[in-house]
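>>> Sequence and computational prediction follow.
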Amino acid sequence: MVSGLPGTGKSYFASRLSQRLGAVYINSDAVRRELGAMGKYTDKDKLTVYEELFYRTKNSLNAGKCVVADATFHKKINRKYFFDWTSKQGISLVVFEVFASEEIIKKRLSKPRTYSEADWNVYLKLKQEREPLEIKHHKLESSSNNINFMLEKAHQVIESNHEYKAN
């Protein structure tokens, strides 16, 4: 699971991590687009996107695949499905929280991005709403040129997880 606010570099990191692991990559912004929910951000709309993200993750895990689930996961309710289900199934869940300086975030959010509609104002809103992660997780700082370091650190964390088996 890769968590982080808009502009932190979480999706850039998560997509490359999934490539490195040979994992299925499931991105909340892509799910939102596929559901025809672009521009829809009520609590109900967000929950629908997270439920679909969870459904796809669960199906891939049940099929024996490694998954990288990528979303802000800024609310407890949106993380609860993942935490509860993986715990009940005995599935190892590794959680990464990606963060960056606000200077970098502002710069990133000023440019058009492939899937995300988030801008600086959305970042500020989600920053205020963010509920802290209450599960063991690993923080990774994203800068302008440290993706290889982030991937190596993440790979080390995953390899040290006894239940992980590389594909």
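Structure's in. What do you need?
>>> all helices of this structure, in order?
Shown for the chain, the helices assigned by DSSP state H span residues 10-21, 28-34, 43-62, 76-89, 102-109, 120-129, 147-160.
>>> Also compute the angle for the third one relative to helix 76-89, please.
Which is helix 43-62. Counting by axes from the mean of the first three to the mean of the last three Cα atoms, to 10 degrees, helix 43-62 points 20 degrees away from the direction of helix 76-89.
>>> any chance of the helices of the chain in JSON lines, plus mean neighbour count, distance to H137 and mean pLDDT?
For every residue, glycine as well, the C-beta is placed using N, CA and C. As requested, the helices of the chain are exported to JSON lines (neighbours: other Cβ atoms under 10 Å; distance: least, Cβ to Cβ, whole Å; pLDDT from 0 to 100):
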{"stretch": "helix 10-21", "mean neighbour count": "19", "distance to H137": "13", "mean pLDDT": "96"}
{"stretch": "helix 28-34", "mean neighbour count": "19", "distance to H137": "17", "mean pLDDT": "91"}
{"stretch": "helix 43-62", "mean neighbour count": "16", "distance to H137": "17", "mean pLDDT": "91"}
{"stretch": "helix 76-89", "mean neighbour count": "15", "distance to H137": "10", "mean pLDDT": "91"}
{"stretch": "helix 102-109", "mean neighbour count": "16", "distance to H137": "19", "mean pLDDT": "96"}
{"stretch": "helix 120-129", "mean neighbour count": "14", "distance to H137": "17", "mean pLDDT": "93"}
{"stretch": "helix 147-160", "mean neighbour count": "15", "distance to H137": "10", "mean pLDDT": "94"}
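>>> could you dump those helices to JSON lines with distance to K136?
Output for the helices of the chain, formatted as JSON lines (distance: least, Cβ to Cβ, whole Å):
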{"stretch": "helix 10-21", "distance to K136": "18"}
{"stretch": "helix 28-34", "distance to K136": "22"}
{"stretch": "helix 43-62", "distance to K136": "19"}
{"stretch": "helix 76-89", "distance to K136": "11"}
{"stretch": "helix 102-109", "distance to K136": "25"}
{"stretch": "helix 120-129", "distance to K136": "23"}
{"stretch": "helix 147-160", "distance to K136": "10"}
